[in-house]
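K.L.:
Build me a model:
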Amino acid sequence: MQIDVILDARAKAQELAELGQLAERCGIHGVWVSSLLDGRDPFANLALLAQSTSRIRLGPIAVNPFDTHPVKIASALLTLNELAGGRAQIVIGGGGEALQALDIRPERRVRAVRECVEILRAAASGERFSHAGEIFRVSNLQLRWLEAVAPAIHVGASQPQMLRMAAACAQGIMMSDMPPAPAAQAIATLDAALATQARQRPAFATNVFTAWHVSRDRRQALHEARRWLLLRGIFRPWLLAEFLEPADVELVMASEAAFARAFAAGSHLVDGVPERVLDRLVEKLTVSGSPDDLDPVIEKLCKLRDAGLGSVALRLYADPAASIRLIGERVVGALS
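P.N.:
Model prediction:
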C-alpha cells in the first residue's frame, strides 16, 4: 500500500514545498492539497513543490466542474504537470463546500464529472478535439505546448453510480472517510464495473482520504479529531449504519447544526451528542492515537489495504512535519 499525505490548503507555497521535500525523503508516494473556497489556489500553490522535488506525485483534490469549466481545469492541471515533469495528478469531484457557499445547485453530478474527465483526457492528449456533451461543449481546441507525459486523472467516488462511471473513463478513484468494511463493499462494486471494461486493479488506482490525528498527547489528538468531525462526511446515514445503533444514527443526522457550531467554536464537544457517540465516530472515521501506541493505527490502515485499497491519503493537521517523519519511520514500511 502506498502512502500519500494531504496538506493544509491554506499553507503558503514555501511551506508546502518544504513539507513535500520532507515527504519525498521519507518515502511518501504523493502530496495532495484540497481545492477549497477559503484556501490558496492549489495549482499555483503547488508550483514551487513541483519544481523542488523529483519523484513525489502531487495535485489537488477534489476539483469540481461546476465552479470552474473543465477546459480551465485542464489548463491549470497541465501547467502544473509541466512544472512537475509529468508527476501531476488530480481528483475530480461532484460537489464540496464551495458549491454551497456560492449557492450552486449542481444537477447530474455523475454526468458532469464524466464529461470533465473526458475533456481533461482529450486536452492532455495534445490532439485537436471537440466535445459535444450534454453539459459541456468544447469546439476545436488543441494545446500545442504540451510536452510532459499526461497527468493521472482520478474521480472522487464511493457510491455505485460514480464508481461505475469512474471505472469506464478515469485512471483511479479516491474515496473519502471510509472504514474498511464499507470500503471493501465499494471495491467489490468497482471491480465488477472494471471487469465490464476489461480493466482491473492495481492498474486502476484506488485511494481513500483518511484523517490522521496522531500526537504525543493522545487525549489532545482525540479532541482534535472530534473538532474536525463536521468534515468527515458524517451525514451519510448508510455509512453511519455500519457502526452506530439506529437511534444514534438518527441523533447524528439531526445534529448537523450542532456539529457546525462546535466546528466554528473549535470545540471537541457537540451539544446534544454524547461523548461515546463522538468517540465512536472518531474511532471509525479517522486514524487517531499516540506514537507510543501506533499498532492500532497501523492495524486499521492494514485493514484498508486488505479491503482492496492500493493507497491511503492521510490528511495531516497539527505539526505536519512531525507527522510526515513518523509516517516515514513507522507506517510506510509496515504497509509496503
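K.L.:
Roughly how far does the spatially most central residue of the chain sit from Phe66?
P.N.:
Nearest to the mean C-alpha position of the chain, by Cα atoms, centre = their mean, lies Phe209 at 4.3 Å. Using Cβ to Cβ, to the nearest Å, Phe209 is found at 20 Å from Phe66. C-beta here means a position set from N, CA and C on the backbone, and glycine is covered the same way.
K.L.:
Could you check the pLDDT of the closest residue in space to Arg114 that isn't next to it in sequence?
P.N.:
Nearest residue to Arg114 in three dimensions, chain neighbours excluded: Met165, at 5.0 Å (Cβ to Cβ, 6 or more residues apart in numbering). Met165 carries a pLDDT value of 98.
K.L.:
CA atoms only for the host helix or strand of Met165 - export them in PDB, please.
P.N.:
Assigned by DSSP states H and E, Met165 belongs to helix 160-169. Listed next in PDB are the C-alpha coordinates belonging to helix 160-169 (Å, rounded to 0.1, in the frame of the first residue of the first chain):
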ATOM      1  CA  PRO A 160     -22.100   2.700  -7.100                       C
ATOM      2  CA  GLN A 161     -23.100   5.100  -9.800                       C
ATOM      3  CA  MET A 162     -19.900   7.200  -9.500                       C
ATOM      4  CA  LEU A 163     -17.800   4.100  -9.100                       C
ATOM      5  CA  ARG A 164     -19.200   2.600 -12.300                       C
ATOM      6  CA  MET A 165     -18.600   5.900 -14.200                       C
ATOM      7  CA  ALA A 166     -15.000   6.100 -12.900                       C
ATOM      8  CA  ALA A 167     -14.300   2.500 -14.000                       C
ATOM      9  CA  ALA A 168     -15.300   3.500 -17.500                       C
ATOM     10  CA  CYS A 169     -13.200   6.700 -18.000                       C
END
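K.L.:
what's that helix packed up against?
P.N.:
If you count contacts as 3 or more Cβ pairs under 8 Å, 6 or more residues apart in numbering; DSSP states H and E, helix 160-169 packs onto helix 109-124, strand 152-156, strand 172-176, helix 180-196.
K.L.:
Mind checking what helix or strand follows the helix or strand Ala17 falls within in sequence?
P.N.:
Element membership of Ala17, judged by DSSP H and E, is helix 13-25. Once the chain leaves helix 13-25, the next helix or strand it forms, by DSSP H and E, is strand 30-34.
K.L.:
Outside of the helix or strand just after that next one itself, which residues are in contact with it?
P.N.:
Counting by DSSP H and E, the next helix or strand C-terminal to strand 30-34 is helix 42-45. Here helix 42-45 makes contact (Cβ atoms under 8 Å, 6 or more residues apart in numbering) with 9, 11-13, 16, 33-35, 59-60, 63, 76-77, 79-80.
K.L.:
And helix 42-45, what's buried?
P.N.:
Residues of helix 42-45 classed as buried: 42-43, 45 (neighbour count, 16 or more other Cβ atoms under 10 Å).
K.L.:
gap between it and the chain center?
P.N.:
Relative to its parent chain, helix 42-45 has a centroid offset of 16 Å by Cα atoms, centre = their mean, to the nearest Å.
K.L.:
which helices and strands does the helix or strand following that helix pack with?
P.N.:
Next helix or strand after helix 42-45 toward the C-terminus (DSSP H and E): helix 47-52. The contact analysis (3+ Cβ pairs under 8 Å, 6+ apart) places helix 47-52 against helix 13-25, helix 70-83.
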